[in-house]
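Engineer: Pasting the sequence and the predicted model now:
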Amino acid sequence: MDLRQLRYFAVLAEERHFGRAARRLSLSQPPLSHAIRQLEEELGATLFTRTSRQVALTPAGTALQREAKAILQRAADARVLVHDIACGRRGRLRIGFSGSTVYRGLSHILTAMRTEAPDIKVALREMNSAEQVEALLHDELDAGFVHLRERPEGLDGILFHAEPFVTCLPVGHPMAATPDPSETRLIDLQHEDFVLFSRTVSPDYYESILAICRTAGFLPRVRHEVRHWLTVAALVAHGAGVALVPQALAGSQLAGVVFLPIPPSPIQSETWCVWKASAPAPGILETFLPQVRAAMKDLHDRSLA
């Protein structure tokens, strides 16, 4: 019993006439009659009573009509499902991100995905950059937002956003009273304790901050290393030190800290949107990436405003 036989049977069961059923199926009457005989032989049951004037369903035929409708509908649903998944209109998208990505347009991307592809279920996993790279290479994520200075080997990606670092100071800090960028001198922080993003968690961030301070004429006195940017800001708010953080973190509006610009530097905080080079879900990525590019443009436009 195959889907072709069931379709022939279902049409004949509706039409109750071989000629009309054959015309609906765009074939001649003999192939239809042959297919119905094959089906009856395979099932060991008579499905129709035939007279010169009419065709009627037997009780066995009536039972098969119900089942055939359900089977054919399931087959049609399966075709639509598979096609939608292949085209990126349905499925599950696993996205890795770090906490600061929330302030870099991630919410806009998620809103756009809900609008453009409501049948794609987005699953977020908060992970640091190194963890995301490992997860992507082992097919545990479909895409990620990592903070690195270049695209990792084995991954495809686009530079999502680049932004300057800013100082993060406790509210009562003397430099907090002079928010003019021309008066913000990093060398004035050389004797301060610094709170840094952990070197083991994100060596790129760590080295970037050291390089900025080195250019300013000193090496920071690193007192604390933590795993999350919000923890960096929270420790600064509680007087544990000062920090250099990506500009996006200023959008967190955390109490107890101020964010001041520093003199322009070629060293910036870069966020890459990456995915495995041999991605297992290209259809979904083709739906996802236009939303990422739209968020990139929005971030760029806002930075120019």
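Structural biologist: Thanks, I have the structure now. Numbers count the residues shown, from 1 in each chain.
Engineer: Summarise which helices and strands whichever strand or helix holds S33 is packed against.
Structural biologist: For S33, the host element (DSSP states H and E) is helix 29-43. On a contact count with 3 or more Cβ pairs under 8 Å, 6 or more residues apart in numbering; DSSP states H and E, helix 29-43 meets helix 3-15, helix 18-24. From N, CA and C alone the C-beta is placed, and that goes for glycine too.
Engineer: what's the spacing between the helix or strand hosting R74 and its chain's center?
Structural biologist: R74 belongs to helix 59-86 when assigned by DSSP H and E. Helix 59-86 sits 32 Å away from the centroid of its parent chain (Cα atoms, centre = their mean, to the nearest Å).
Engineer: now swap in stretch 230-249 and tell me
Structural biologist: The answer for stretch 230-249 is 28 Å, by Cα atoms, centre = their mean.
Engineer: mind putting the helices and strands packed on helix 29-43 in JSON lines, distance to L289 and mean neighbour count included?
Structural biologist: JSON lines is the format used below for the helices and strands packed on helix 29-43 (distance: least, Cβ to Cβ, whole Å; neighbours: other Cβ atoms under 10 Å):
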{"stretch": "helix 3-15", "distance to L289": "36", "mean neighbour count": "18"}
{"stretch": "helix 18-24", "distance to L289": "43", "mean neighbour count": "16"}
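Engineer: Make a markdown table out of these and add mean pLDDT.
Structural biologist: As requested, these are exported to a markdown table (pLDDT from 0 to 100):
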| stretch | mean pLDDT |
| --- | --- |
| helix 3-15 | 92 |
| helix 18-24 | 91 |
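Engineer: Nearest to A216 among those helices would be which one?
Structural biologist: Ranking these by distance to A216, with Cβ to Cβ as the measure, places helix 3-15 first at 72.2 Å.
Engineer: Just the angle for the closest one relative to helix 59-86, thanks.
Structural biologist: Helix 3-15 runs at 120 degrees relative to helix 59-86, counting by axes from the mean of the first three to the mean of the last three Cα atoms, to 10 degrees.
Engineer: What is helix 3-15 packed up against?
Structural biologist: Using 3+ Cβ pairs under 8 Å, 6+ apart: helix 3-15 touches helix 18-24, helix 29-43, helix 59-86.
Engineer: Send me the shortest one as PDB with only the CA atoms.
Structural biologist: Output in PDB follows, covering the C-alpha atoms of helix 18-24 (Å, rounded to 0.1, in the frame of the first residue of the first chain):
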ATOM      1  CA  PHE A  18     -14.500   5.500 -12.200                       C
ATOM      2  CA  GLY A  19     -14.800   7.800 -15.100                       C
ATOM      3  CA  ARG A  20     -15.100  11.000 -13.000                       C
ATOM      4  CA  ALA A  21     -12.400   9.800 -10.600                       C
ATOM      5  CA  ALA A  22     -10.000   9.100 -13.500                       C
ATOM      6  CA  ARG A  23     -10.600  12.600 -15.000                       C
ATOM      7  CA  ARG A  24      -9.800  14.200 -11.600                       C
END
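Engineer: in the stretch 151-300 of the chain, which spans are helices?
Structural biologist: For the stretch 151-300 of the chain, the helices defined by DSSP state H, counting those that start in this stretch occupy 203-216, 229-237, 282-304.
Engineer: What's the mean pLDDT across the longest one?
Structural biologist: Average pLDDT, helix 282-304: 82.
Engineer: can you check the shortest one too?
Structural biologist: Averaging pLDDT along helix 229-237 gives 90.
Engineer: Now find how far off-centre that helix is within its chain.
Structural biologist: 28 Å.
Engineer: So what touches it?
Structural biologist: Contacts of helix 229-237 with the rest of the structure, by Cβ atoms under 8 Å, 6 or more residues apart in numbering, involve 98-100, 168-171, 195-197, 224, 226, 241-243, 245-246, 249, 252, 254-257.
Engineer: Strands - which of these land there?
Structural biologist: Among the contacts of helix 229-237, the members found in strands (DSSP state E) are C168, L169, P170, V195, L196, F197, H224, V226, A243, V245, P246, V257.
Engineer: just curious, which of those is nearest to L110?
Structural biologist: Nearest to L110 among the ones in strands among the contacts of helix 229-237, with distances taken as Cβ to Cβ, is P246, at 20.1 Å.
Engineer: Quick one, which of the ones in strands among the contacts of helix 229-237 has the minimum pLDDT?
Structural biologist: Lowest pLDDT among the ones in strands among the contacts of helix 229-237: F197, 87.
Engineer: count of neighbours near the closest residue to that one other than its chain neighbours?
Structural biologist: In this structure, F197 finds its nearest non-sequential neighbour in Y205, 4.6 Å apart by Cβ to Cβ, 6 or more residues apart in numbering. The criterion is other Cβ atoms under 10 Å. On that basis, Y205 has 26 neighbouring residues.
Engineer: Roughly how far does Y205 sit from H228?
Structural biologist: Y205 sits 12 Å away from H228, going by Cβ to Cβ, to the nearest Å.
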